[in-house]
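Engineer: build me a structure from this.
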Amino acid sequence: MSRTQTALYVFCAVLACTPLSCSKHEGPARTIKVVMKKYSIEPAEIHVRQGENVVLEVTTTDVQHGFDVPDLNVSESIQPGMTATFRLPTGRKGNFTVECGVICGPRHDQMRGKVVVD
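Structural biologist: Now for the predicted structure:
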């Protein structure tokens with residue numbers, strides 16, 4: 001095997017083991033639907049188990065919002081008429097604040113929710 005082939009093999013092996021494909025989540029994902037609108041997030045609390053495979057489907061009924069959970073490194077743009085689908089990190093136990101990451105009106109700062117990982 002040439003050096004180029006070896007390097008390509010190593011690169012492909014590392015790429016195949018990205019966090020999404022080598023996650024510790026087992027079994028099918030539980031999908032949780034979330035709706036954002038001025039000035040609420042529904043459900044206001046999302047309860048999951050540590051290590052659970054969870055996918056969020058987030059929509060908005062009005063303007064653009066941001067589904068941000070800073071302590072879990074989640075920052076997703078939520079566009080009107082579209083569904084944002086993404087995996088929720090569940091590796092750490094705790095209570096994590098969900099906030100709107102896009103200024104959406106005068107009560108934007110009150111738009112909060114919570115992710116609880118038990």
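Engineer: give me the neighbour count for the residue lying closest to T85 once chain neighbours are set aside.
Structural biologist: Nearest residue to T85 in three dimensions, chain neighbours excluded: E57, at 5.2 Å (CB to CB, 6 or more residues apart in numbering). For glycine as for every other residue, the C-beta is placed from the backbone atoms N, C-alpha and C. For E57, the count of nearby residues is 13 (other CB atoms under 10 Å).
Engineer: you'd agree E57 is in a helix?
Structural biologist: No - counting by DSSP: H, G, I helix; E, B strand; the rest coil, E57 falls outside a helix, being strand.
Engineer: that one reaches T31, doesn't it?
Structural biologist: Yes - taking CB atoms under 8 Å as the definition, E57 is a contact partner of T31 at 5.9 Å.
Engineer: let me see the contact set for the residue nearest to T85.
Structural biologist: Listed by CB atoms under 8 Å, 6 or more residues apart in numbering, the contact set of E57 reads T31, I32, K33, V34, T83, A84, T85.
Engineer: the same query, at a cut-off of 6 Å, please.
Structural biologist: By CB atoms under 6 Å, 6 or more residues apart in numbering, the contact set of E57 is T31, K33, T83, T85.
Engineer: now do M82
Structural biologist: Contacts of M82 by CB under 6 Å, 6+ apart: none found.
Engineer: and it, which of the three is it?
Structural biologist: Per three-state DSSP, M82 ends up coil.
Engineer: now it: phi and psi?
Structural biologist: For M82, the backbone dihedrals are phi -130, psi 160 (criterion: degrees, to the nearest 10).
Engineer: so what pLDDT did it get?
Structural biologist: pLDDT recorded at M82 is 97.
Engineer: looking at the contacts of E57, spot the one nearest G51.
Structural biologist: Distances from G51 to the contacts of E57, taken as CB to CB, are shortest for T31 (16.7 Å).
Engineer: mind exporting the C-alpha coordinates of the helix or strand containing that closest one to CSV?
Structural biologist: Per DSSP states H and E, T31 falls inside strand 30-37. C-alpha atoms of strand 30-37 as CSV (Å, rounded to 0.1, in the frame of the first residue of the first chain):
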residue,chain,number,x,y,z
ARG,A,30,-37.3,9.4,20.3
THR,A,31,-38.6,12.3,18.4
ILE,A,32,-39.9,15.3,20.3
LYS,A,33,-41.9,18.1,18.5
VAL,A,34,-41.2,21.6,19.8
VAL,A,35,-43.1,24.7,18.7
MET,A,36,-41.7,28.2,19.1
LYS,A,37,-43.8,31.4,18.9
